[in-house]
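Colleague: Build me a model:
(chains A, B and C)
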Amino acid sequence: MLRSDRRAGTVVGDGPSPRGHARKTTRVGAAVGSCLISIILLAACGSSGGSNSSSNGQVKGTVLVFAAASLSNAFDKIGTQFEKAHPGVTVKFNYNGSSSLATSIKQGAPADLFASADTTTMDTITNANLAVGKPRTFTKNKLEIMVAKGNPMKITSVGNLAKPNLKVVVCASSVPCGTYSNEVFKKADVKVKPVSEETSVSGVVTKVTLGEADAGMVYVTDVKANESKATGVPIPADQNVVADYPMVELKDAPNSAAAKSFMNYVSSSAGQKVLTSYGFLPAGS
Amino acid sequence: MEWIKRHFAGIAIAALAIVTILYFVLPLLGLITQTPWGRFGKTITSSTALDALRLSLIASLSSTALALLFGFPLAWMLARGNLPWKPLLRGLCTLPMVLPPVVGGIALLLAYGRKGLIGGPLATAFGLSLPFTLAGVIVAETFVSMPFFIVTLESGLRAMNTKLEDAARSLGASRSMVFRRVTLPLIWPSLIAGTVLTWSRALGEFGATITFAGNLPGVTQTTPLAIYISQSSGQLDTAIALSLVLVAVSLVVMIGTRNRSRAGSRSNA
Amino acid sequence: MLDADVQLRLERLSLDAPVNVGSGEVVALLGPNGAGKSTVLRALAGLLRLAGGRVALDGTLLEDPAQKVYIPPEKRPVGMMFQDYLLFPHMTAADNVAFGLRARGVERNQARQTANAALERLGLAEVMAAKPGAMSGGQQQRVAMARALVTEPRLLLLDEPLAALDVSTKNDLRRHLRTVLRESQAANVLVTHDLLDAVALADRMVVIEHGGIVQAGTPAEVTAQPRSQYVADLVGMNLLQGKANGNVVEVDGGGRIVVPEALSGHVLAVVPPSAISVHRDKPDTSAENVWPGQIAGVDLMGDRVRVRIDGPPALSAEVSPRIVDELKLDDGGQLWAVVQAADVRAYTA
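Modeller: Coordinates of the predicted model:
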């Protein structure tokens, strides 16, 4: 027999009825469901960076920098130095092919800064009104041919890359280093048939260092970074391109103050010193 | 209010179900509504798109065939054989299922690449090389998709009553007749399910393919690779069009084979 | 005719059983669970390899490990009926029955016709096109029979053919099976745990226990003189063992019993439960066997009641419910059991 206890608002019975159990499990289920949904919503909203400058001009919080893959080693070091100089700031980097990063930014990624490996990709951001002010060229790079350590295939020029049965890997033309490579080939008047078009220059580096490809078109900085695993074959100045790397603050940057500060640091002598140590060319050259 | 209290269970479940269905349906709706239908015809018949689709078709079907050819005996041994360390063996063969695909790609390079464990000797001896070729794509896709076939088929083999095979033998059936007319019809549903699963995994494979076989339009750029390259360089038209084709093909196959594998056993005269 | 000596060494069973069956003869294999009865059938069919011994059918050697001879099951002229029928679930009844014919090379239409005819003869015309899942237990059993018989096997092996049926279907199908076996020209081996099956269907009975044959003979012989507790239980008799000295038998475990014939040495004695009468007070009787005992339990078996008495010797008496009531046997306690020597059957072990 079930009696209803109006005061306590519960239903009292001889023992748990099947329906009572079902109700209880559904309540638990609904509670779990709401918790899960809340967690997902919070995770989506929550990741935006910290707060901005404090009263006395000291920047703090997180800065999220989207940077071309070729900048990874240099920027990591610059980031650490910047954090030392500005305690309270954390710099986070997202490295990828420049065009991938641009696409993400256009789709609303919450980045503070964008550092691209070429101006063409940067233009797509400024043309979409996603930038604050004009992009600033903060460093330059050049291309170089990367080959296996010791250059066993004896490659000495861009023209050699057209040799049949030579496995050459380049970046896809949708990525800056890909367009640069095409320019170099055009300048050298060479028709190269690559075996693969990688989505970022790191992919090219991997294929060469693992021994899958005989040669790859990479940046000078990549050759320097992989000195122990590969050898570089320089490209003469009249065939090479100079890659201008622009950087810009993004319009909806969550931490504008810290972003500006970081951008200035990169262009400062401290930042430039790090960049040149990795093989980049100074901004002014 | 009373009504809500009484039907709380039903309402809660329905609400959760609706949210879940939306979670799956909205992306598809987004895809369909954002497709630039005007330019669709031109986009889908561009050489990039056609090459990608052609390569995907060849590679995924070949991988599925290989998975069936090599996965069947392995599943058989795992289900019925007396192998030592079976759990370990099974774990190794199904590892690609839980590995991130790009890890699979690196592993494949280290084994079958030009300087790889097996690939090295093969390259020096016969000049054979898998990376940067369609064969390499097929190897990568088979690597990640065969485990699905093995797992599904093994469970189907275990589920069947092997005594029926004894009965068939006692009636005079040769081993091949037992297989054809008793075993095969009984494991048919899991065979179909395994094949479909394998094929769709092969079709969608990206990480291992691009790492092991590279990306070259017309040679190794399968549809998922083409979609990624297109979208990362802002050519959303191509990306969306190809995505739509993949979704449509997958839906058709899924729905088509759902009925088959649920229809159960067939009668053989 | 079957001339076999089945020797097997399995994980939990070591078996050594000669099985000889003439053409047209029906031999029933009985024994407790795990004794190896079904295993013997599987070995005769070739589904299990012998460890030793041999199997010969109609003069042809089917298996002999010592001579490295082994003919696989599909090449033996054997028909087998399995405990759970093992009908192919994805085939119709007709296809099931035709399977054996097709396996032996009979052309499809011919096989179909033969199968259909066999099913019609059994009154199964209406399930010809049905799958096993849609048939009743009795129908499945008959289809399984038809399937095993249609290839005209020389050795027919039946593993608990009636076990899965309810009582009334069982009786009907037992009669049907009897007819089938009577007409059969094959050597027939039937495994069953039901004594009624053995009595109704078999020419001879073989009892297997602990991996060996403990008793063999016609059903009448075996039931009249059980040689093991298992058979005694099967037959529903009290079985006592002991040392005879003339008419008196010292029962192993305590007590003594007077038997009609003078015997000596190790003997077995069978006491029908119905021959035991029970009394609360020591009765005044000329019966040779009068024992006191404690009531160990009272069990209802249908409309009769079994009273278990700790003697010694320990026996079960069969009494009517009226007696249970009158003597208040439910309350337990002391009893006097009485058996006429003439009702006891004793024989050398």
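Colleague: beta partners for A:Val248?
Modeller: Using DSSP bridges, the bridge partners assigned to A:Val248 are A:Phe114.
Colleague: and chain C, which residues reach chain B?
Modeller: C:42, C:45-47, C:72-75, C:78-80, C:82, C:84, C:86, C:88-92, C:95, C:98-100, C:103-104, C:108, C:112, C:131, C:147-148, C:151 (Cβ under 8 Å from any Cβ of the partner chain). Yep, even glycine has a C-beta here, placed from its N, CA and C like the rest.
Colleague: Tell me the buried residues within those residues.
Modeller: Taking 16 or more other Cβ atoms under 10 Å in any protein chain shown as the criterion, what is buried in these is C:42, C:45-47, C:73-74, C:78-80, C:82, C:86, C:88-92, C:95, C:98-100, C:103, C:112, C:131, C:147-148, C:151.
Colleague: Read off the pLDDT value for residue 208.
Modeller: In the absence of a named chain, this looks at chain A. Looking at A:Val208, its pLDDT is 94.
Colleague: Correction: the question concerned chain C.
Modeller: 91.
Colleague: Let me see the confidence value for the residue in the stretch 101-250 of chain C positioned nearest to chain A.
Modeller: Going by Cβ to the nearest Cβ, chain A is nearest to C:Gly133 of the stretch 101-250 of chain C, at 31.5 Å. In this prediction, C:Gly133 carries a pLDDT score of 93.
Colleague: Nearest residue to it in space, ignoring adjacent ones along the chain?
Modeller: Leaving out its chain neighbours, the residue that sits closest to C:Gly133 by Cβ to Cβ, 6 or more residues apart in numbering or on different chains is C:Pro89, at 6.3 Å.
Colleague: re earlier: so the residue of the stretch 101-250 of chain C closest to chain A belongs to a helix, correct?
Modeller: Yes - using DSSP: H, G, I helix; E, B strand; the rest coil, the assignment for C:Gly133 is a helix.
Colleague: Does it touch C:Met91 like I think?
Modeller: No - counting by Cβ atoms under 8 Å, C:Gly133 does not reach C:Met91; the two are 11.1 Å apart.
Colleague: Okay, buried residues for stretch B:101-117 please.
Modeller: B:101, B:104-109, B:111-114, B:116.
Colleague: Pairing partners for C:Ala337 in the sheet, please.
Modeller: Beta-bridge partners, per DSSP bridges, of C:Ala337: C:Val278, C:Trp291.
Colleague: buried stuff in stretch B:125-143?
Modeller: B:129-143.
Colleague: Closest one of those residues to C:Gly53?
Modeller: The shortest approach to C:Gly53 among the buried residues of stretch B:125-143 belongs to B:Thr142, at 49.7 Å (Cβ to Cβ).
Colleague: ok, now how distant is the closest one from chain C?
Modeller: Distance, B:Thr142 to chain C, by Cβ to the nearest Cβ, to the nearest Å: 31 Å.
Colleague: And the helix or strand hosting that residue, what does it pack against?
Modeller: Using DSSP states H and E, B:Thr142 maps to helix B:134-159. Other helices and strands packing on helix B:134-159, by 3 or more Cβ pairs under 8 Å, 6 or more residues apart in numbering or on different chains; DSSP states H and E, are helix B:47-80, helix B:86-94, helix B:101-112, helix B:184-204, helix B:207-212.
Colleague: ok and that helix relative to helix B:101-112, angle-wise?
Modeller: Interaxial angle, helix B:134-159 versus helix B:101-112 (axes from the mean of the first three to the mean of the last three Cα atoms, to 10 degrees): 110 degrees.
Colleague: ok, now which ones touch the residue in the stretch 51-200 of chain A that chain C sits nearest to?
Modeller: In the stretch 51-200 of chain A, the residue that lies nearest chain C is A:Ser196 (49.2 Å; Cβ to the nearest Cβ). Residues in contact with A:Ser196 (Cβ atoms under 8 Å, 6 or more residues apart in numbering or on different chains) are A:169-170, A:207, A:213, B:131-132, B:213-216, B:220.
Colleague: before we move on, the earlier item: pretty sure the residue nearest to C:Gly133 sits against C:Ala134.
Modeller: No - under the criterion of Cβ under 8 Å, C:Pro89 is not in contact with C:Ala134, lying 10.4 Å apart.
Colleague: quick one: contacts of stretch B:166-173?
Modeller: Outside of stretch B:166-173, the residues within contact range by Cβ under 8 Å, 6+ apart are B:175, B:177-178, B:181-182, C:42, C:45-47, C:72-75, C:78-80, C:82, C:86, C:88, C:99-100, C:103-104, C:147-148, C:151.
Colleague: In helices, which of those fall?
Modeller: B:175, B:177-178, C:42, C:45, C:99-100, C:103, C:147-148 (DSSP state H).
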